[in-house]
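Asker: Requesting a structural model of the entry that follows:
(one chain, ligands or ions: 1)
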Amino acid sequence: MAIDVNELCLKANINSLRQLGIDDLDGENICDKPVSSLTEFEKINLNNIINVHTKVADLFGVSVPELFPEAIDVDILETTMGGLYSYAGGESITLGVYPETNYNMDLGVYTHELGHVLSGGGNPKLPSSFADLDDSILFTEMFADMLSLSLFDKIIIPVEGQESCIDRTRYITRGQTYNMPQEYFLSDFSMARVAQCCQSYTIEKSSKVIKNLCEEFAKMGEFTVKLTTPFDPHTVVRKSVDEHQIGIPLLSFMNELSVVTKLGMNNIFKLGFKHDIPKSESFTCSGTLEDKILETKVVEINTVRSFMEDLKASLLFADQLSFDLLFSKYAIEKGLEFGDLETQGYVIRKANIECLKTSECQVACLKN
Ligand SMILES: [Zn+2]
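Answerer: Model (predicted):
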């Protein structure tokens, strides 16, 4: 609960909002000022934040104060990179905005960052599955993007009537599947797409902020990507996978599912992120030393695979058929296999086998 803040910040459940200039990183806390003394643009941003927090709280069926165990801090920072320079901490969001735009927030990007605060926050009022899922690189960015899509149908909201190029970094259409080439899922792909957009003729017609962004990109080097290798979850080098790109087919799948079932993304979201989701994957982990089993533990967790199974089970029968058709159209199994490989490491950590601490025992976890 926010304390000693003005009524708009109280309503948003934030402790602070600072609008920081490119050369001024010591902005005052707008929440400390009475609402009557706020500028028009400060009020617009506070009302935007209230609006997003209210809509997100509604998706989870909680109130705004219940959305965060602790009120959060928000910094809006002018940067040539705009929304691309945004990040979230445990209880804070830093949102990049283009300079000289009156701190105009991209609400899609803000909502994405809010998604990180929520899935990583350990809030008992939010879905219990977050505790496990937030550890998965298949999940974290996908979830944050899904939250934006549920509210705005877009992740990065382009400035109306303008080529912005940065919306190319995450663009969800129908038909983005795990049958796409491997390079699509690796770092550099989205950068290459922005770079390509920056070189296109449309950029000539763009505003100064976009030209500045493109100049910044040009300074970062060349990004070219050749799409040649089929995606293989078992051989792809995990370190080179882009956490944002790897979840895109899941989002594309859910986008089409939301259309064919007429549920809309917000209802798909509500079905997928209920408060209590049974832990539906179970593993037996053993610690062995010189062929002797020293310790055995059963670990039950939520995974992206169990999330998808639970989502399907929450649908009406006819919609489950659509789910199955789209599941194969989008080659979702390949994505889940990628997730399974990662789950192994997580399960071993979660098993917390004692003999690992004192000896050189070997730990292996098998799915039950
Ligand atoms: Zn993110």
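Asker: Flag every residue of the stretch 101-250 of the chain that's near the ion.
Answerer: The stretch 101-250 of the chain comes close to the ion at residues 141, 144, as judged by C-beta under 5 Å from the ion. Placement of C-beta: from N, CA and C, glycine included.
Asker: what stretches of the stretch 101-250 of the chain score poorly on pLDDT?
Answerer: Along the stretch 101-250 of the chain, the model assigns pLDDT under 70 to residues 159-163, 201-205.
Asker: So Leu77 belongs to a strand, correct?
Answerer: Yes: assigned with DSSP: H, G, I helix; E, B strand; the rest coil, Leu77 falls within a strand.
Asker: Just give the number of residues close to it.
Answerer: Residues near Leu77, counting by other C-beta atoms under 10 Å, number 20.
Asker: Find the nearest non-adjacent residue to it, please.
Answerer: In this structure, Leu77 finds its nearest non-sequential neighbour in Leu20, 4.7 Å apart by C-beta to C-beta, 6 or more residues apart in numbering.
Asker: roughly how far apart are that neighbour and the ion?
Answerer: 20 Å (C-beta to the ion, to the nearest Å).
Asker: Please apply the same query to Val363.
Answerer: Using C-beta to the ion, Val363 is found at 31 Å from the ion.
Asker: So that residue: helix, strand or coil?
Answerer: Per three-state DSSP, Val363 ends up strand.
Asker: what's near enough to touch it?
Answerer: For Val363, the contacting residues are 285-288, 348, 351, 353, 356, by C-beta atoms under 8 Å, 6 or more residues apart in numbering.
Asker: what about stretch 76-95, how long is it end to end?
Answerer: Stretch 76-95 has an end-to-end distance of 5 Å (C-alpha to C-alpha, to the nearest Å).
Asker: Mind listing what's buried along it?
Answerer: Neighbour-count burial for stretch 76-95, counted by 16 or more other C-beta atoms under 10 Å, picks out 76-86, 88, 91-95.
Asker: Can you classify the residue in the stretch 201-350 of the chain that the ion sits nearest to as helix, strand or coil?
Answerer: Per C-beta to the ion, His244 is where the stretch 201-350 of the chain lies closest to the ion, at 6.7 Å. Classification of His244 by three-state DSSP places it in helix.
Asker: isn't it right up against Ser190?
Answerer: Yes: the pair His244 / Ser190 is scored as a contact, 6.8 Å apart, by C-beta atoms under 8 Å.
Asker: shared neighbours of the two, anything?
Answerer: Shared contacts of His244 and Ser190, defined by C-beta under 8 Å, 6+ apart, comprise 169-170.
Asker: can you give me the end-to-end distance of stretch 350-358?
Answerer: 17 Å.
Asker: no, scratch that, I was asking about stretch 78-95
Answerer: Terminal residues of stretch 78-95 lie 9 Å apart, using C-alpha to C-alpha.
Asker: Need the three-state assignment for the nearest residue to Asn267 once chain neighbours are set aside.
Answerer: Closest residue to Asn267 apart from its sequence neighbours, by C-beta to C-beta, 6+ apart: Ser258 at 7.4 Å. Look at Ser258: counting by three-state DSSP, its state is helix.
Asker: Tell me the pLDDT of Ser258.
Answerer: Here the pLDDT value assigned to Ser258 is 97.
Asker: what about it, how many neighbours?
Answerer: Using other C-beta under 10 Å, Ser258 has 19 other residues around it.
Asker: Same question for the one 10 residues further on.
Answerer: The tally of other residues near Ile268 (other C-beta under 10 Å) stands at 22.
Asker: after the one helix or strand it maps to comes which helix or strand?
Answerer: Per DSSP states H and E: Ile268 is located in helix 264-272. Proceeding N to C from helix 264-272, the next assigned helix or strand is strand 281-289, under DSSP H and E.
Asker: hang on, the earlier thing: so can I have a markdown table of the contacts of Val363 showing neighbour count, pLDDT and distance to the ion?
Answerer: Listed next are those as a markdown table, based on neighbours: other C-beta atoms under 10 Å; pLDDT from 0 to 100; distance: C-beta to the ion, whole Å:
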| residue | neighbour count | pLDDT | distance to the ion |
| --- | --- | --- | --- |
| Cys285 | 19 | 94 | 30 |
| Ser286 | 18 | 92 | 36 |
| Gly287 | 21 | 91 | 35 |
| Thr288 | 16 | 91 | 39 |
| Ile348 | 18 | 90 | 26 |
| Ala351 | 22 | 91 | 28 |
| Ile353 | 22 | 88 | 32 |
| Leu356 | 17 | 78 | 32 |
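Asker: Next, the buried residues of stretch 44-59.
Answerer: 45-46, 49-50, 52-53, 55-57, 59.
Asker: Just to be sure, which of those are found in helices?
Answerer: 45-46, 49-50, 52-53, 55-57, 59 (DSSP state H).
Asker: Now narrow those residues to whatever sits close to the ion.
Answerer: Of these, not one also sits near the ion (C-beta under 5 Å from the ion).
Asker: quick one on the thing from earlier: out of the contacts of Val363, which is nearest to Asn212?
Answerer: Ranked by distance to Asn212 (C-beta to C-beta), those are led by Ile348 at 46.4 Å.
Asker: who does the helix or strand encompassing the closest one touch, helix- and strand-wise?
Answerer: Following DSSP H and E, the helix or strand that holds Ile348 is helix 332-351. In terms of contacts (3 or more C-beta pairs under 8 Å, 6 or more residues apart in numbering; DSSP states H and E), helix 332-351 is packed against helix 248-260, strand 281-289, strand 292-301, helix 304-313, strand 362-367.
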